[in-house]
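Visitor: 3D, please:
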Amino acid sequence: AVHVAMIVALLSLLGATLTLPGIAGIVLTIGMAVDSNVLIYERIREERRNGRSVIQAIDTGFTKALATIVDSNVTSLIATVVLFYLGSGPIKGFAITFAIGILTTVFTAFTFTRLLVSIWLRRARPKELPKAPVTFIPPGTKIPFMGIRRWTFALSSILSVLSVVLFMTVDINYGIDFKGGSLIEVQSKSGDANLGDIRTRLTELNIGEVQVQQFGAPNDVLIRVGSQDAGENAEQTVIDKVRGELQDNYDFRRVEVVGPTVSGELAKQGTLAMLVALVGILVYVWFRFEWQFAVGAIVATVHDVVMTLGFFVITGLEFNQSSLAAILTIIGYSLNDTIVVYDRVREDLRKYKRMPLPQLLNNAINETLSRTTLTSVTTILALLALVLF
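Guide: Below you'll find the model as predicted:
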């Protein structure tokens, strides 16, 4: 609650307009805020299991979690800054709220959360930490991840190659943002909008590809009309036809025409945004860890991006600026998880200097598995809220 209140307050101070992509950014940062607290609590429990007193476990847990939380959030912030400078329109709104959310996540995790824990310590004077109501991964779990790495590498390689082949041979369903067309926002004059009726009426106009979807409130509708081959005059003719068909029942709130030149520039900006984000993250991970870690992180991140693009090709889902924002968010989340494991690997390398590397990597993954699972669940819950509402 404090995290969200701080985001809204900062947006008000900046005079920023809260758009739907901006709301999506807030919801996603809620998942990241939970992740930071999960990292702290899991670290505290681990220190307690290692024999420290409750007070020592809490103090050490916060201290050791700090570097991990900062590193993981900085990678997301790099992708967000790139998105702000190379994005446009609503995507900038998403980037602003997401960046503010990242900063408030780190701030609240080490101020407000620590304050609450300190108050609890003074009042309860506990001799033991409370037990977690739900345990996804029991302590001491030893799943042989490195033992099955050849199978998982082979499967990932096959799926990645398949995704690349599909992307190169099957046309992805680019939205109007990337292939041009008209974007029309309307609002019903009375009651909820009838999407089926709008779709039927516009299809009968023979104006080409038409997409109709709810946009925020039940009476708000977003209409997308595909690019017309006859040029800009044809685009205006289409808009006039749509206006003539719907103006008795709907108010026209916004009309935009995206030409082929503009859409081409957006595609270039999108590609550049992903490349710049990856390079920036590569440099940061190299600086904070080692170059081998940086290469591994980038390979894993590229794998996630390729798989996501393959999913868009297979399902035929529309790929627009919001999809680009989602991919950059995936880059941030992917690096977030990777860096949490990397931080534990670095710590174990200092602690167990003679342990075989496969065993050390296996231990690091298992030690962070509970946090990874909890974070995935909270992120999915945040995304579920976006899907449902």
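Visitor: got any ranges where the stretch 151-300 of the chain has weak pLDDT?
Guide: Where the stretch 151-300 of the chain drops to pLDDT under 70, the residues are 177, 216, 228-232, 259-267, 270.
Visitor: can you map out the strands along it?
Guide: Listed in chain order, the strands of the stretch 151-300 of the chain (DSSP state E, counting those that start in this stretch) span 181-188, 210-215, 217-226, 250-258.
Visitor: so which of those strands is the most surrounded?
Guide: Of the strands of the stretch 151-300 of the chain, the one with the most neighbours on average (mean count of other CB atoms under 10 Å) is strand 181-188, at a mean of 21. For the C-beta atoms, the positions are set from N, CA and C on the backbone; glycine is no exception.
Visitor: what is that one packed up against?
Guide: strand 217-226, helix 232-246, strand 250-258 (3 or more CB pairs under 8 Å, 6 or more residues apart in numbering; DSSP states H and E).
Visitor: please parse this protein into its domains.
Guide: 1-168+321-389, 181-258 (automatic domain parsing).
Visitor: so for Val279, which of those domains sits nearest?
Guide: Val279 lies closest to domain 1-168+321-389 among those, at 9.4 Å (CB to CB).
Visitor: CSV for the domains of the chain, including distance to Phe311?
Guide: Shown next, in CSV, are the domains of the chain (distance: least, CB to CB, whole Å):
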stretch, distance to Phe311
domain 1-168+321-389, 8
domain 181-258, 19
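Visitor: which of those domains sits closest to Val276?
Guide: domain 1-168+321-389 (4.9 Å).
Visitor: now distance to Val164 too, for the helices and strands packed on strand 181-188, in JSON lines please.
Guide: Shown next, in JSON lines, are those (distance: least, CB to CB, whole Å):
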{"stretch": "strand 217-226", "distance to Val164": "27"}
{"stretch": "helix 232-246", "distance to Val164": "34"}
{"stretch": "strand 250-258", "distance to Val164": "28"}
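Visitor: out of those, which gets nearest to Glu318?
Guide: Nearest to Glu318, of the helices and strands packed on strand 181-188 and by CB to CB, is strand 217-226 at 8.4 Å.
Visitor: can you give the distance from that closest one to the centre of its chain?
Guide: Taking CA atoms, centre = their mean, to the nearest Å, the mean C-alpha location of strand 217-226 is offset from the chain mean by 24 Å.
Visitor: that one pairs with which strands, and in what direction?
Guide: strand 181-188 (antiparallel), strand 210-215 (antiparallel) (DSSP bridges).
Visitor: and the last one with helix 232-246, angle?
Guide: Counting by axes from the mean of the first three to the mean of the last three CA atoms, to 10 degrees, strand 210-215 lies at 60 degrees to helix 232-246.
Visitor: re the thing from before, any chance of the strands paired with strand 217-226 in TSV, plus distance to Val340?
Guide: Below are those laid out as TSV (distance: least, CB to CB, whole Å):
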stretch	distance to Val340
strand 181-188	39
strand 210-215	36
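Visitor: and those: which comes nearest Val106?
Guide: Per CB to CB, nearest to Val106 of those: strand 210-215, 32.9 Å.
Visitor: run through the helices of the stretch 1-150 of the chain in chain order.
Guide: 2-14, 20-49, 54-86, 90-110, 112-124, 149-169 (DSSP state H, counting those that start in this stretch).
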